[in-house]
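1. What follows is a predicted protein model with its sequence.
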Amino acid sequence: MANEAAASIVVGVDGSEGSVEALRWAARMAPVLGARIRAVGAWEYPPEYAGYVPIGSDNFDEITRKRAEAAVQEAFGDDLPEGLTTSVVFGHPSRVLVEESEDAAMLVVGRRGHGGFRGLLLGSVSAACVSHAHCPVLVIHEDGEARSGEGGKARKRR
């Protein structure tokens, strides 16, 4: 686990309802772990932009920042957890979150997977985080519930 002075819970934030719930779960876990929350949004150039849009002439970073800030606002309103920070990083979300997990006490992500067996599969980002993160990972499913690796449910609290 991260050292006490730098303990943090990293939350992947993309503006989805899953990421809002992930922020709420992180706020419940933070006191238990003695950690602060780091909300992290990630962005990269969409593949269809390659060769068509000059690098630096878009506003993907600003769109990502606004989505992250809106998710934080929806999760907490004006009652922000102490020490919460929000950042936006260029890169694929799974790579960014795995890197951010290196010094974290926990990583919390929402699941937005749209696989053929809806409800059974993790999305690509949450699956990559579970497989490669450097700390424990909590995945919040689209119904706002956390589930253990064995398919069990944790009680939903609001």
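-> All right, it came through fine. None of these values were measured; they are calculated from a predicted model.
2. C-alpha only now, for contacts and for neighbours.
-> OK.
3. Which parts of the worst-scoring helix or strand of the chain on mean pLDDT count as buried, going by neighbours?
-> Within the chain, judged by mean pLDDT, DSSP states H and E, the helix or strand with the poorest mean is helix 124-132; its value is a mean of 89. The neighbour-count check on helix 124-132 (16 or more other C-alpha atoms under 10 Å) flags 124-130, 132 as buried.
4. by contact count, what packs against it?
-> helix 93-100, strand 137-140 (3 or more C-alpha pairs under 8 Å, 6 or more residues apart in numbering; DSSP states H and E).
5. CSV please, covering those and showing distance to Ala22 and mean pLDDT.
-> Putting the helices and strands packed on helix 124-132 into CSV (distance: least, C-alpha to C-alpha, whole Å; pLDDT from 0 to 100) gives the following:
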stretch, distance to Ala22, mean pLDDT
helix 93-100, 14, 94
strand 137-140, 6, 94
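6. can you tell me which of the ones you listed comes nearest to Glu69?
-> helix 93-100 (16.6 Å; C-alpha to C-alpha).
7. Return the set of buried residues in that closest one.
-> So helix 93-100, judged by 16+ other C-alpha under 10 Å, has buried residues 93-98, 100.
8. now it and helix 124-132, what's the angle there?
-> Relative orientation of helix 93-100 versus helix 124-132 (axes from the mean of the first three to the mean of the last three C-alpha atoms, to 10 degrees): 30 degrees.
9. now Tyr136, nearest residue through space, not along the chain?
-> Residue 136: Pro, not Tyr. Met106 (5.0 Å; C-alpha to C-alpha, 6 or more residues apart in numbering).
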